[in-house]
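Visitor: What follows is a protein structure lacking sequence information:
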């Protein structure tokens, strides 16, 4: 109960500070009211998907500090210049890395991390289009994948995750040290692909079959 009171106080203070800032800039202006209404409302007004989640900037900070930052940033952190809704992320705005984790063990996978390095918010949706070693067919979506039906908005320095599940049966497998990745738009169409080198204690990976998870704000297989 004490923790809840502290967080409520921080949120109230941040909200009051935001209200004072808006009043100083013109108060009753409709544009300011719309910005203060938050991400979900501005997305809806601009024809965006009803379901939208937010990837906060930096590390996954929790508690009162994060609440204060979100309240003070308001809708401006998830909108482009001029108060417009965030657009789709494009390749040159994102830093994408791939890390080979649990090599040769149960749960062997490539962790894909995308960081928004642009100066405005943008969104991703669905799952990345991945080709291992940049060859062959695009990997299918995992049958166990969760989410994928909404946009995820990344603030500057915000992160999202996906993973390539690797299934190596120990015979007639293929090996690689890189992959190609392309983002998908809301209709499932692919953007131009670019190459990503795999990092990790053992960068080389092996597979007979593989599939991909949807983008998520939570890191998969975070044991």
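Guide: Cool, got the structure. It should be emphasised that the depicted structure is a prediction, and the values quoted were computed from it without experimental measurement. Numbering: from 1, shown residues only.
Visitor: show me where the protein has strands.
Guide: With DSSP state E as the criterion, the chain has strands at 52-55, 87-88, 94-101, 109-116, 122-125, 129-132, 151-154, 159-167, 174-176, 178-182, 194-199, 205-207, 209-212.
Visitor: Show me what the second one packs onto, helices and strands only.
Guide: Applying 3 or more CB pairs under 8 Å, 6 or more residues apart in numbering; DSSP states H and E, we find strand 87-88 packed against strand 122-125. All C-beta atoms are positioned from the backbone trio N, CA, C, and that covers glycine.
Visitor: How many neighbouring residues does residue 180 have?
Guide: Look at residue 180: counted by other CB atoms under 10 Å, it has 18 neighbours.
Visitor: ugh, wrong one, I meant residue 123
Guide: If you count neighbours by other CB under 10 Å, residue 123 ends up with 27.
Visitor: next one: residue 204
Guide: By other CB under 10 Å, the residues close to residue 204 number 12.
Visitor: tell me the most buried of the strands of the chain?
Guide: Across those, the average number of neighbours (mean count of other CB atoms under 10 Å) peaks for strand 151-154, which reaches a mean of 26.
Visitor: quick one: contacts for the nearest residue to residue 102 once chain neighbours are set aside?
Guide: Excluding the flanking residues, the one nearest residue 102 by CB to CB, 6 or more residues apart in numbering is residue 108, at 5.0 Å. For residue 108, the contact set (CB atoms under 8 Å, 6 or more residues apart in numbering) comprises 101, 102, 165, 166, 167, 168, 205.
Visitor: can you tell me how far residue 108 sits from residue 180?
Guide: From residue 108 across to residue 180, the span is 20 Å (CB to CB, to the nearest Å).
Visitor: repeat for residue 174
Guide: Look at residue 174 and residue 180: by CB to CB, they are 15 Å apart.
Visitor: swap in residue 115?
Guide: 18 Å.
Visitor: again, but for residue 190
Guide: In terms of CB to CB, residue 190 sits 11 Å off from residue 180.
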